[in-house]
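# Provide a 3D model corresponding to the input given below.
(chains A and B)
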Amino acid sequence: MATSPKISQYIAAVHARRMSYSFRLIQARLTSNKAPSALGWDPLREKYKTVSSEEKSHYEKVWSDLYRDCVLYGRRAVSIYRAPPDLVHKIAKICDDLINKESPYITKFPFPLDGEDLKEQRHNGHFVTLKRMKDGSVRLIACAKRSYAEREPINLDFLDDQSKEGFEDFDEVIGVRHGVAQAFDVIYIRPSLGEVEVHIDMPCRMTYEDIKNARKYYIGLIKKALPKEVVRESLDSPKNIFPMVRVFYGDSTGIINGLSHATGTSSLKEEKMRNKRQDLRSELFHKSGIDAVKTTDPYAIRIGWNVATGRNIPTIIVPGNSHLIGNAAAFVGHAILENCSGGRDYKFLMGKLS
Amino acid sequence: MDKHTALARVSEDLQAHPAVVRACVAIINYLDRVPIESLQRITFGTLSSVAGYKEVSDVLPAIQYLIGARVGIFETAYYFFDPNGEEIPLAASIVSSAHKDKEFFHPETGERVTGFEQRIGIEFVLARDTRGKFIAEWAGG
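Next up, the predicted model:
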């Protein structure tokens, strides 16, 4: 038996991304690769404290692949900018200049900075690496600090009598934990499509505004690197995802798990299936309601698709809000992609957005 | 088992508990009345209201009987309700291990959950036998 510092490092790095990549996916990946799995992180760490010498390199590969996929294909907010192919080509050319060679993130990449080092960073991201693809596309990866607040119930039984004082009248006491997480944002420059895609990593909860600000920051860095007369009015606004709500509502291949809509009978409905594998459109309450009112105006949707492995349902969320229904120029700048096991699932969802 | 056998067993077994008989009969008639699509998830609240109780806990003896081997209309289904409002179905074996080991891990984040007992809920689904034979006989009255 031997220890593997590499596996420990991967486990810590995957754990840091637990809000964007489901533990169920980790369990499924480990099991299908014949690597030890467990019910939670604590027992999982125990299982990898020592590993057999014969299995060590296999496990290291499994964890390395898992880490890569949870970094690149965890929960992300995707925006697509359309621009003249000439301009996108120029951006692809100057991408090397965007890399911040002094960035502290580079020293640890592809792993995240340690907690204290990360806390010291500013929220704005740094481009740390790029990869040039065969089709002329460029994938840029940027690292950034994200702050979050986590709410967790406090079990009063663990407190002594003095500490419990004052809480007698409460059924539940919630603690708030503030923390930071490292994001790995990805920007694809695709000259052949005339597109720039911004994939904002969500290693913790983010608001619509947080996502918008992060995406604008990266687009700003790209624009700054080009002469003003070249950029002009381009890359000002991403593709409007809002019309996709209606498209997805009519997509019979998917499973609609959640829908927000406004009815002609003057109500706003936020409907959600409790079982994510069931389609809201065939639910009796929804079906009868739609039959009665004939039409409805959907403004937000959550839709997933079954994949061959059957272990997860890659899902797209279009995060609309009810104020959009009264707006002829209703606009949503990003869609959220989640529950992807790896690149194949993620690519499938991107195909649905294009 | 058909509806009439179920009702006969209720009357026979629960003679000494007329209130429980009334609740069981109301629940069985409810299952007969509503479309099977509406019976995918049955909550304590629904059953107590169907049985005419104001307090949800009053319906427990009737549920206990209807889950039991003599009638076996329902099966229990377990769910974990996380603080963010997500609910995750749990296998009975996971719930049983959690209670035995006094530890439970969030299925999506893998983190240990303190006070998990309050976040695991029970609901009811029609027993496999009920969904097939039982309801096929009852459906549409």
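
# Residue A:146: how many residues sit nearby?
When neighbours are defined as other C-beta atoms under 10 Å in any protein chain shown, residue A:146 has 23 of them. Glycine gets a C-beta too; all of them are placed from N, C-alpha and C.

# How about whichever residue of chain A sits closest to chain B: what's its closest non-neighbour residue?
Nearest residue of chain A to chain B, counting by C-beta to the nearest C-beta: residue A:40, 2.7 Å away. Using C-beta to C-beta, 6 or more residues apart in numbering or on different chains and skipping the chain neighbours, the partner closest in space to residue A:40 is residue B:105 (2.7 Å).

# Now do the contacts for the most far-flung residue of chain B relative to its centre.
What lies farthest from the middle of chain B is residue B:111; by C-alpha atoms, centre = their mean that is 28.3 Å. Contact analysis of residue B:111 by C-beta atoms under 8 Å, 6 or more residues apart in numbering or on different chains lists A:18, A:40, A:41, B:105.

# Just the pLDDT for residue A:242.
Residue A:242 is assigned a predicted lDDT (pLDDT) of 96.

# Apart from its chain neighbours, what residue comes closest to it?
With sequence-adjacent residues excluded and distances taken as C-beta to C-beta, 6+ apart, residue A:242 is closest to residue A:332, at 4.3 Å.

# quick one: that neighbour is in a strand?
No - in this structure, residue A:332 is coil, not part of a strand, as judged by DSSP: H, G, I helix; E, B strand; the rest coil.

# Wait, it touches residue A:239, no?
No - applying C-beta atoms under 8 Å, one finds residue A:332 not in contact with residue A:239, separated by 9.8 Å.

# that older thread, give the contact list for the residue nearest to residue A:242.
Residues in contact with residue A:332 (C-beta under 8 Å, 6+ apart) are A:240, A:241, A:242, A:245, A:318, A:319, A:320, A:324.

# The chain - how does it break down into domains?
Using chain A. Per automatic domain parsing, the structural domains of chain A span A:5-73, A:76-231, A:243-332.

# that's the wrong chain, I wanted chain B
What automatic domain parsing lists as the domains of chain B is B:3-75+B:124-138, B:78-120.

# Residue B:30: how many residues sit nearby?
Count around residue B:30 with other C-beta under 10 Å applied: 17.

# residues contacting the nearest residue to it once chain neighbours are set aside?
Once flanking residues are discounted, residue B:30 sits nearest to residue B:50: 4.4 Å by C-beta to C-beta, 6+ apart. Listed by C-beta under 8 Å, 6+ apart, the contact partners of residue B:50 are B:26, B:27, B:30.

# Retrieve the pLDDT associated with residue 1.
I went with chain A, as the question did not name one. pLDDT, residue A:1: 78.

# my bad, chain B
72.

# just checking, it touches residue B:71?
Yes - if you go by C-beta under 8 Å, residue B:1 and residue B:71 touch, sitting 7.0 Å apart.

# of the two, who's got more company?
Neighbours were counted for residue B:1 and for residue B:71 using other C-beta under 10 Å; residue B:71 has more, 21 against 17.

# returning to that earlier point: got the phi and psi for the residue nearest to residue A:40?
Per-residue torsions, residue B:105: phi -110, psi 140 (degrees, to the nearest 10).

# Next: residue B:52.
According to degrees, to the nearest 10, residue B:52 has phi 80, psi 20.

# Ignoring the adjacent residues along the chain, who's closest to it?
Setting aside the residues directly before and after it, residue B:52 is nearest to residue B:26 in space (C-beta to C-beta, 6+ apart), at 6.4 Å.
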